[in-house]
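1. Provided below are the primary sequence and the corresponding predicted coordinates.
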Amino acid sequence: DSGVTQTPKHLITATGQRVTLRCSPRSGDLSVYWYQQSLDQGLQFLIQYYNGEERAKGNILERFSAQQFPDLHSELNLSSLELGDSALYFCASSPLDRGGTGELFFGEGSRLTVL
Amino acid sequence: LAKTTQPISMDSYEGQEVNITCSHNNIATNDYITWYQQFPSQGPRFIIQGYKTKVTNEVASLFIPADRKSSTLSLPRVSLSDTAVYYCLVGDLNTPLVFGKGTRLSVIA
């Protein structure tokens, strides 16, 4: 158990819909990262927050947005969903501001299926 | 951002030592080398990290030559439970970790 909690574990929805994925980082960790893993693309970095502020942005679509709240939990909002958005979405946390060193602790992921 | 190249897949028998080599020819001075392990439908798990020479922990060893253009993850005496995807990552303090496709290790009884 990494200490990172993600909900929901599974989500099935239709194209055009909007969903919110939630992540609670390990106690004390200020950084939250979101990653998307699909079969053909591997593990893609989406976005990082540190103590409520956006720190780095990766391959995140404009239809996707995220935020980190004062209690440090984070939410990833996916809107106007397309079939290609079906993937495992992982949240990771670390105590560090930067992700290049140190260890990232990953949650078990939220599996999104868009029909 | 340093690009990494590692084998797509490897097979090994139980009890053998497995070495997975990663190439990162354009590694920068501030870059560290990190390896993660991922089981199906689970999040990646940190294995080991190093900057140069050799690093060893209870799970694996990481060998980094002087030019740092490659690194080798060594797993001693693998078991069936070591079947997983292994990712080599290179990054500095300012760059979130970028995962490639990894190496799919299959351990055979």
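-> On my side now, so go ahead. Numbers count the residues shown, from 1 in each chain, chains lettered A, B, ... in the order given.

2. okay, CA-based contacts and neighbour counts for the rest of this
-> Fine.

3. could you pull out the strands for the chain?
-> Went with chain A since none was named. Ranges of strands in chain A, per DSSP state E, are A:5-7, A:10-13, A:19-24, A:31-38, A:42-50, A:53-57, A:64-68, A:74-78, A:87-94, A:105-106, A:110-114.

4. other chain: chain B
-> Per DSSP E, chain B carries strands over the ranges B:9-13, B:18-23, B:32-38, B:45-50, B:53-56, B:61-64, B:70-75, B:84-91, B:103-108.

5. got the contact list for B:Thr21?
-> The contact partners of B:Thr21, taken as CA atoms under 8 Å, 6 or more residues apart in numbering or on different chains, are B:6-7, B:70-73.

6. distance check, it against B:Ser12.
-> The gap separating B:Thr21 from B:Ser12 is 15 Å, by CA to CA, to the nearest Å.

7. repeat for A:Val114
-> Using CA to CA, A:Val114 is found at 37 Å from B:Ser12.

8. now do A:Gln36
-> In terms of CA to CA, A:Gln36 sits 29 Å off from B:Ser12.

9. give me the more crowded residue out of those two.
-> Per other CA atoms under 10 Å in any protein chain shown, whichever of A:Gln36 and B:Ser12 has more neighbours is A:Gln36, with 23 against 19.

10. which residues does the residue nearest to that one when sequence neighbours are not counted bridge with?
-> Excluding its sequence neighbours, the residue lying closest to A:Gln36 (CA to CA, 6 or more residues apart in numbering or on different chains) is A:Tyr89, at 4.6 Å. As for beta bridges, A:Tyr89 partners with A:Gln36, A:Ser110 under DSSP bridges.

11. for A:Tyr89, what are its contacts?
-> A:34-37, A:109-112 are the contacts of A:Tyr89 under CA under 8 Å, 6+ apart.

12. hmm, try it at 10 Å
-> By CA atoms under 10 Å, 6 or more residues apart in numbering or on different chains, A:Tyr89 lies in contact with A:6, A:9, A:21, A:34-38, A:43-44, A:46, A:76, A:107-112, B:43.

13. number of nearby residues for B:Glu58?
-> For B:Glu58, using other CA under 10 Å, the count is 8.

14. how about B:Pro65?
-> Count around B:Pro65 with other CA under 10 Å applied: 13.

15. next up, the contacts around the closest residue to A:Leu96 other than its chain neighbours.
-> Spatially, and ignoring its direct neighbours in sequence, A:Leu96 is nearest to A:Ser31 (6.3 Å; CA to CA, 6+ apart). Counting by CA under 10 Å, 6+ apart, A:Ser31 touches A:25, A:48-55, A:68, A:72-74, A:92-99, A:104.
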